[in-house]
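Chemist: Mind folding the following:
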Amino acid sequence: MSGRSDVVQEEERVLRLDLNEGAAPPRELVRALAAQRGDAMRRYPRASALEAALAARHGVAPEQVLVTAGGDEALDRIVRVHLAGRRAILPVPTFEMIERYGAAERVRFDRVAWTRGPFPRAAVVRAIGRDTAGLFVVSPNNPTGLVATAADLRALARAAPRALLVVDLAYAEFAADDLTSVALALPDAVVVRTFSKAWGLAGLRVGWVAGPRARIEPLREGSPFPVAGTSLAVAAACLALPRAALRVRVARVRAEERALRRELGRQGVACEPSQGNFVLARVRDARFARLALAAAGVVVKRWSGRDHLDDALRITLPGEAASFRRLVAALRTVFAPEALLLDLDGVVADVSRSYRRAIVATAARFGVDVTADEIVAAKDAGDANDDWELTRRLLARRGRRVALAAVEREFERLYQGSDARPGLRAAERSLIAPRELAALSRRLPLAIVTGRPRRDAERFLREQRIARFFRVVVAREDAAPKPDPAPVALALRRLGVSRAWMAGDTRDDVDAARAAGVVPIGVVPPGDSLERLAPVLCSAGAAMVVPRVGAIAELLP
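Modeler: Numbering: from 1, shown residues only. This next block holds a predicted model:
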């Protein structure tokens, strides 16, 4: 049970802005769902009442409307029934499911670029040929938020009178102009709509398609009961609500769109106006930015290998004030950090011949052989930041019960050494050159966050002649050890900042950083490899794993 509970709690901590889901539905719709009687669940659903209500609202006959399991199923049926094995024109980038459904039915797409600005009407018209069976227009377009106009639709209908014009208006409620009536007045156009976006009902899967009877009737040959009865009832309740209820929801999203574009602009991130419930941001390193935002608790959409989108992140507008504040805070942390925090061991200090050997040697003094692989496995598992306690645990696993104080004394004797015999600490060296630290410190204030005793940490920094680059050192005596976020939070307070990145080489570093709202960057310590460590730290939530701490300079804004 505890594992499942941890998963649920992690999901609750994450703000998912990657699927263009709408804000939580109005309370009236939640009540409508709760009011459903048993018959709504035990009987096969009939969509005719909802189809009639939609038809009346949009001035067409009920036979011209088909309710489907979201707009996605409507598109799937359209492609299978009307376009299989034929040619269609598709402005790109656009809703990716259109191409997936087309690939399954061997549709040959003629792609026309639409990355910014007005709809590329002239280019689409030029692409029309004798065998063009379909044209797709998604407006507002997903993922760009760009829109077509009524004139665009009419021009396409004139230029391709024998082709089916598929007009996907999933985000029509957010647009300045709703093209539904324009499209339905055209002789051979079908309109796809959904309750998933503006009404926040993606989980109920209710969409619909409307158009000429000759185009709609063949689409009914699929599943006779695609939408659950409870979902149909809630969708009908949407239509019964005052129009003002939807206007309020839309106005909130439009205000967030303007505010988000201003915020991104201040951070040097390019984005164009969007008429959807999302914004498409163009960033320098989309892969890192997406992972860094996820590490900060906000998930956004990124594509890999799709034309026109290699540098893009699509950010759903949450439509809710607290969530929008979380989004802005995460964006500022990723694109405008105020400090860089560094773990000491394995990141700044090479401890492969000191602390790691002290663990092995201490265990041997108590009659137990501990391997380097065992130490690595323990560090990977987490909650192993204290090397004294880790040594005691490794001994206990082999059945050797030793008091922590005894372990600490032996460990420190080996590590510190004496006047007659140098300790293992003498083998430690800095992993980053002073000139690199100087360059980093000119860009951001630096701090050390370590589990070492303060005496040891500050002595190392002095001996390596790099102490002057760190404004703050948070050590063992100052706060609970990582993975507790307390030492990270303390470093932020002492620096007088709220936004930072943190470099570490263990799961404990990653967990502490994330819990403190700091972006974690993994660093490979001496004796380890990027290939082995990257999956470990990335699975814990690290935004990126780099081969050495100096490489972080390339990631900084």
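Chemist: Apart from its chain neighbours, what residue comes closest to Thr333?
Modeler: Leaving aside its sequence neighbours, Thr333 sits nearest to Arg499 (C-beta to C-beta, 6 or more residues apart in numbering; 4.3 Å). From N, CA and C alone the C-beta is placed, and that goes for glycine too.
Chemist: surely the one you found meets Phe335?
Modeler: No - if you go by C-beta atoms under 8 Å, Arg499 and Phe335 don't touch, sitting 9.5 Å apart.
Chemist: so what are the domain limits for the chain?
Modeler: Listed by automatic domain parsing, the domain ranges of the chain are 13-18+249-335, 27-243, 339-346+430-554, 354-427.
Chemist: Reformat those into a markdown table and put mean pLDDT and mean neighbour count next to each item.
Modeler: Shown next, in a markdown table, are those (pLDDT from 0 to 100; neighbours: other C-beta atoms under 10 Å):
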| stretch | mean pLDDT | mean neighbour count |
| --- | --- | --- |
| domain 13-18+249-335 | 95 | 19 |
| domain 27-243 | 95 | 19 |
| domain 339-346+430-554 | 95 | 20 |
| domain 354-427 | 90 | 17 |
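Chemist: what's near enough to touch Val334?
Modeler: Counting by C-beta atoms under 8 Å, 6 or more residues apart in numbering, Val334 makes contact with Ala289, Ala292, Leu293, Ala296, Val519.
Chemist: Spell out the secondary structure type for the residue lying closest to the fourth one once chain neighbours are set aside.
Modeler: Using C-beta to C-beta, 6+ apart and skipping the chain neighbours, the partner closest in space to Ala296 is Ala330 (4.0 Å). Three-state assignment for Ala330 (DSSP: H, G, I helix; E, B strand; the rest coil): helix.
Chemist: Return the distance of Ala330 relative to Leu537.
Modeler: Counting by C-beta to C-beta, to the nearest Å, the gap from Ala330 to Leu537 is 19 Å.
Chemist: do the same with Arg16
Modeler: For Arg16 relative to Leu537 (C-beta to C-beta), the value is 22 Å.
Chemist: residues touching the spatially most central residue of the chain, list them.
Modeler: Centroid-nearest residue in the chain, with C-alpha atoms, centre = their mean: Val299, separated by 2.1 Å. Val299 sits next to Val14, Leu15, Arg16, Leu17, Asp18, Leu293 when contact means C-beta under 8 Å, 6+ apart.
Chemist: mind listing the helices for the stretch 301-450 of the chain?
Modeler: Using DSSP state H, counting those that start in this stretch, the helices of the stretch 301-450 of the chain run over 321-335, 355-365, 372-381, 387-397, 404-416, 434-443.
Chemist: what sits up against the third one?
Modeler: Looking back up the chat, that one is helix 372-381. 356, 359-360, 384, 390, 393-394, 506-508, 527-528, 536.
Chemist: residue contacts, the residue nearest to Thr333?
Modeler: Neighbour list for Arg499: Ala329, Arg332, Thr333, Ala336, Pro337, Glu338, Ala339 [criterion: C-beta under 8 Å, 6+ apart].
Chemist: separation between it and Pro483?
Modeler: 20 Å.
Chemist: repeat for Val351
Modeler: Using C-beta to C-beta, Val351 is found at 19 Å from Pro483.
Chemist: same check, this time on Asp188
Modeler: For Asp188, the distance to Pro483 equals 61 Å [C-beta to C-beta].
Chemist: Make sure Tyr101 is actually in contact with Arg80.
Modeler: Yes - here Tyr101 reaches Arg80: they are 7.4 Å apart, a contact under C-beta under 8 Å.
Chemist: Please tell me how far Val407 sits from Ala475.
Modeler: 20 Å.
Chemist: oh, I was asking about Gly399
Modeler: According to C-beta to C-beta, Gly399 stands 33 Å off from Ala475.
Chemist: so what's Arg452 up against?
Modeler: Under the criterion of C-beta under 8 Å, 6+ apart, the neighbours of Arg452 are Leu344, Asp345, Phe460, Ala475, Arg476.
Chemist: Likewise for Val549?
Modeler: Residues near Val549 by C-beta under 8 Å, 6+ apart: Leu342, Val347, Val348, Leu431, Ile432, Ala503, Val523.
Chemist: who's in contact with Ile128?
Modeler: Residues near Ile128 by C-beta under 8 Å, 6+ apart: Ile89, Leu135, Ala159, Ala160, Ala163.
Chemist: switch to 7 Å and redo it
Modeler: Taking C-beta atoms under 7 Å, 6 or more residues apart in numbering as the criterion, Ile128 is in contact with Ile89, Ala159, Ala160.
Chemist: Likewise for Val138?
Modeler: By C-beta under 7 Å, 6+ apart, Val138 lies in contact with Thr94, Phe95, Asp168.
Chemist: Isn't the second one up against Asn142?
Modeler: Yes - using C-beta atoms under 7 Å, Phe95 is in contact with Asn142, at 4.8 Å.
Chemist: of the contacts of Val334, closest to Val283?
Modeler: Top of the list for closeness to Val283, among the contacts of Val334 and by C-beta to C-beta, is Ala289 at 4.7 Å.
Chemist: Which secondary structure element is home to that closest one?
Modeler: helix 286-295 (DSSP states H and E).
Chemist: what's that helix in contact with?
Modeler: Residues contacting helix 286-295 (C-beta under 7 Å, 6+ apart): 283, 300, 302, 310-313, 330, 334, 514, 519-520, 541-544, 555.
Chemist: ditto for stretch 460-473
Modeler: Stretch 460-473 is contacted from outside by 349, 428, 430, 434, 437-438, 441, 445-448, 454, 457-458, 491, 494-495, using C-beta under 7 Å, 6+ apart.
Chemist: Please apply the same query to stretch 431-446.
Modeler: With C-beta under 7 Å, 6+ apart, stretch 431-446 has contacts from 337, 339-340, 342, 347-350, 465-466, 469-471, 495, 548-550, 553, 556.
Chemist: Go again with 8 Å.
Modeler: By C-beta under 8 Å, 6+ apart, the list of residues contacting stretch 431-446 from outside reads 337-342, 346-350, 465-466, 469-472, 495, 497, 525-526, 548-550, 552-553, 556.
Chemist: now the end-to-end length of stretch 203-217.
Modeler: One end of stretch 203-217 to the other measures 27 Å (C-alpha to C-alpha, to the nearest Å).
Chemist: Going forward, count from 808.
Modeler: With the count now opening at 808, the last piece we talked about shows up as stretch 1010-1024.
Chemist: Quick one: distance of it to the chain centre.
Modeler: Distance, stretch centre to chain centre, for stretch 1010-1024: 31 Å (C-alpha atoms, centre = their mean, to the nearest Å).
Chemist: What ranges does the stretch 808-957 of the chain have for its strands?
Modeler: Using DSSP state E, counting those that start in this stretch, the strands of the stretch 808-957 of the chain run over 822-824, 872-875, 894-899, 915-920, 939-945.
Chemist: Pipe these into TSV and attach distance to Gln1082 per row.
Modeler: What follows is the strands of the stretch 808-957 of the chain, written out as TSV (distance: least, C-beta to C-beta, whole Å):
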stretch	distance to Gln1082
strand 822-824	18
strand 872-875	24
strand 894-899	15
strand 915-920	19
strand 939-945	12
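Chemist: out of those strands, nearest to Pro1080?
Modeler: With C-beta to C-beta as the criterion, Pro1080 lies closest to strand 939-945 of the strands of the stretch 808-957 of the chain, at 16.5 Å.
Chemist: Name the next helix or strand following that closest one along the chain.
Modeler: helix 957-966.
Chemist: how near is the residue nearest to Thr1140 to Val1352?
Modeler: 21 Å.
Chemist: Name whatever forms a beta bridge with the closest residue to Gly936 other than its chain neighbours.
Modeler: If the residues on either side of it in the chain are set aside, Gly936 comes closest to Arg894, at 7.1 Å by C-beta to C-beta, 6+ apart. Assessed by DSSP bridges, Arg894 has beta-bridge partners Arg915, Thr939.
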